[in-house]
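A.B. asks: need the 3D shape of this:
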Amino acid sequence: MKLDFVQAGEIVSIHGLRGDIKVLPWTDGPEFLTAFHRVRIGGTDYKVEKCRVQKTCCLVKLEGVDNPETAQALKGKTVEIYRADVNPDLIFADELLHMAVYADGKLLGEITDVLDYPGNSVYVVTGEREYLIPAVKEFILNTDLDANRMEVKLIEGMESDAD
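C.D. replies: Prediction:
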């Protein structure tokens with residue numbers, strides 16, 4: 001199901017004397033976070049004044065966070081982005097959890113986990129049996145976030161608990 005907010009990273013430290021925070025992104029790369037002009041941290045909305053990439057992290061200057069003490073209070077918190085600010089074609093792992101999965105019109109179960117591997121992600125589908133379905137176009141036929149439904153193509157060997 002579509003979420004209102006998507007978890008995008010964690011504040012791991014502060015940077016400098018002006019209240020910049022260092023965010024370790026949980027997205028595909030730190031460049032992704034540079035496109036956003038607002039975030040939510042601990043239930044509070046913040047305007048992003050500046051965001052730049054530093055190695056694998058982002059250095060972010062938030063409006064109203066102007067000193068190291070204020071920035072330090074945010075350390076360890078999760079940075080969320082507004083789903084409305086993201087390309088609607090992008091789907092996040094958190095949105096797939098508990099999604100109903102069907103093959104040939106038959107309910108297989110729901111997605112209980114998304115495993116990240118170098119080549120592609122794998123969806124763990126749990127129902128009467130457990131299935132491991134690679135997240136590639138060949139097997140994922142349709143994903144409808146609004147209906148909380150995914151159509152897949154099964155092949156032999158996808159049942160993880162098969163005899």
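A.B. asks: mind checking how far the lowest-mean-pLDDT helix or strand in the chain is from the chain centre?
C.D. replies: Across the helices and strands of the chain, mean confidence by mean pLDDT, DSSP states H and E is lowest for helix 93-96: a mean of 93. Mean-position distance between helix 93-96 and its chain equals 7 Å (CA atoms, centre = their mean, to the nearest Å).
A.B. asks: what packs against it?
C.D. replies: Secondary-structure packing of helix 93-96 (3 or more CB pairs under 8 Å, 6 or more residues apart in numbering; DSSP states H and E): strand 5-15, strand 106-116. Bear in mind the C-beta positions are built from the backbone N, C-alpha and C, glycine included.
A.B. asks: quick one: distance of the first one to the chain centre.
C.D. replies: Averaging C-alpha positions (CA atoms, centre = their mean) puts strand 5-15 12 Å from its chain's average.
A.B. asks: the last one too?
C.D. replies: Distance, stretch centre to chain centre, for strand 106-116: 16 Å (CA atoms, centre = their mean).
A.B. asks: wouldn't residue 132 be in contact with residue 126 here?
C.D. replies: No: taking contacts as CB atoms under 8 Å, residue 132 lies outside contact range of residue 126: 10.5 Å.
A.B. asks: phi, psi for the residue lying closest to residue 100 once chain neighbours are set aside please.
C.D. replies: Residue nearest to residue 100 in three dimensions, not counting chain neighbours: residue 149, with 5.2 Å by CB to CB, 6 or more residues apart in numbering. Backbone torsions of residue 149, given as degrees, to the nearest 10, read phi -140, psi 140.
A.B. asks: perfect, that will be all.
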